[in-house]
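Engineer: return a 3D structure for these sequence lines:
(one chain, ligands or ions: 2)
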Amino acid sequence: MSTCIPVVENILSANDRLAAENRAIFDKAGVFAINLMASPGAGKTSLVERTVEGLAGRLRLGVIEGDLASSLDADRAAAAGAAAVQINTGGECHLDAVMLHAALPQLDLKSLDLLIVENVGNLVCPTSFKLGVHCNILIASTPEGDDKPYKYPGSYRGIDALVINKIDLLPYVDFDMQNFRRGVEMLNPGVMTFPLSCRTGEGLDAWLDWLAAQVKNRA
Ligand code: MG
Ligand code: ZN
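Structural biologist: Ligands and ions are numbered 1, 2, ... in the order given. Purely as a prediction, here's the structure:
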């Protein structure tokens, strides 16, 4: 009955080894890497677009897009001005360190300051697979509802920063910001939080300045 547990542990420890290799590659190339996680439709690719546009001229950006299929998101990131690579997971609902490792040679990492990895839209298993990035970021969005920290605690616990997207929709959706923040605070006290709207641009500057500072501090 418990035979699958050692198998899962082996997969995860093999993943951890490759994640450490990925980290060493990033550090050697001098690139700061972040992992964006969210449920489908929260605005990961919109945030990638706004971030690429907003940091143009300040930082050199690369983007790796993880999706089940298609190159739609890499096309959007490239159109915004980033060096972009698409990973199609072929049905896997998360990125792992192996997939990321295989994609890295497609980018000239030495020519980049910041690498944004957009994970597959999923609030469950991406948190179990380390990628080797320096910073894990979760994007929540107001139409999803304020109960998500209570229902998906694992995705809020391990993160280094939280973006709350679509704050322009607050008047139209049932999203109790206090209840949401209370749930986040229980799981991840004091986590850096950026309420913003990719559509109107409200709150974006704080996010961009913080991210640019992270890149600078680790350089
Ligand atoms: Mg996307
Ligand atoms: Zn998965």
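
Engineer: in this protein, what residue is nearest ligand 1?
Structural biologist: T45 (3.4 Å; CB to the ion). From N, CA and C alone the C-beta is placed, and that goes for glycine too.

Engineer: by contact count, what packs against the helix or strand hosting that residue?
Structural biologist: Assigning secondary structure by DSSP states H and E places T45 in helix 44-55. Secondary-structure packing of helix 44-55 (3 or more CB pairs under 8 Å, 6 or more residues apart in numbering; DSSP states H and E): strand 32-37, strand 61-67, helix 72-80, strand 114-118, strand 161-165, helix 204-218.

Engineer: what are the C-alpha coordinates of that helix, in PDB please?
Structural biologist: The C-alpha coordinates for helix 44-55 follow below in PDB (Å, rounded to 0.1, in the frame of the first residue of the first chain):
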ATOM      1  CA  LYS A  44       1.100  35.100 -15.100                       C
ATOM      2  CA  THR A  45       1.800  35.900 -18.700                       C
ATOM      3  CA  SER A  46       0.300  39.400 -18.300                       C
ATOM      4  CA  LEU A  47       2.700  40.000 -15.400                       C
ATOM      5  CA  VAL A  48       5.600  38.700 -17.500                       C
ATOM      6  CA  GLU A  49       4.600  41.200 -20.300                       C
ATOM      7  CA  ARG A  50       4.300  44.100 -17.900                       C
ATOM      8  CA  THR A  51       7.600  43.200 -16.200                       C
ATOM      9  CA  VAL A  52       9.500  42.800 -19.500                       C
ATOM     10  CA  GLU A  53       8.200  46.200 -20.700                       C
ATOM     11  CA  GLY A  54       8.700  47.900 -17.300                       C
ATOM     12  CA  LEU A  55      12.300  46.700 -16.800                       C
END
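
Engineer: how about that helix: buried residues?
Structural biologist: Using 16 or more other CB atoms under 10 Å as the test for burial, helix 44-55 gives K44, T45, S46, L47, V48, E49, R50, T51, V52, G54, L55.

Engineer: show me which residues of the protein sit near ligand 2.
Structural biologist: For the chain, the residues in contact with ligand 2 (CB under 5 Å from the ion) are C93, H94, C125.

Engineer: the residues you listed, buried ones only, as a ChimeraX selection?
Structural biologist: A single ChimeraX command is used to select the members of these judged buried by 16+ other CB under 10 Å:
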select :94,125
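
Engineer: reformat the residues of the chain next to ligand 2 as TSV; add pLDDT.
Structural biologist: Below are the residues of the chain next to ligand 2 laid out as TSV (pLDDT from 0 to 100):
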residue	pLDDT
C93	94
H94	95
C125	91
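
Engineer: now, among the residues of the chain next to ligand 2, which is nearest to V215?
Structural biologist: Of all those, H94 has the smallest distance to V215: 25.0 Å, by CB to CB.

Engineer: hang on, the earlier thing: what's the angle between the helix holding T45 and helix 204-218?
Structural biologist: Compare the direction of helix 44-55 with that of helix 204-218 by axes from the mean of the first three to the mean of the last three CA atoms, to 10 degrees and you get 70 degrees.

Engineer: what is the burial count for F32?
Structural biologist: Around F32 there are 23 other residues, counting by other CB atoms under 10 Å.

Engineer: give me the low-pLDDT residue ranges for this structure?
Structural biologist: For the chain, applying pLDDT under 70 flags the ranges 1-5, 219.
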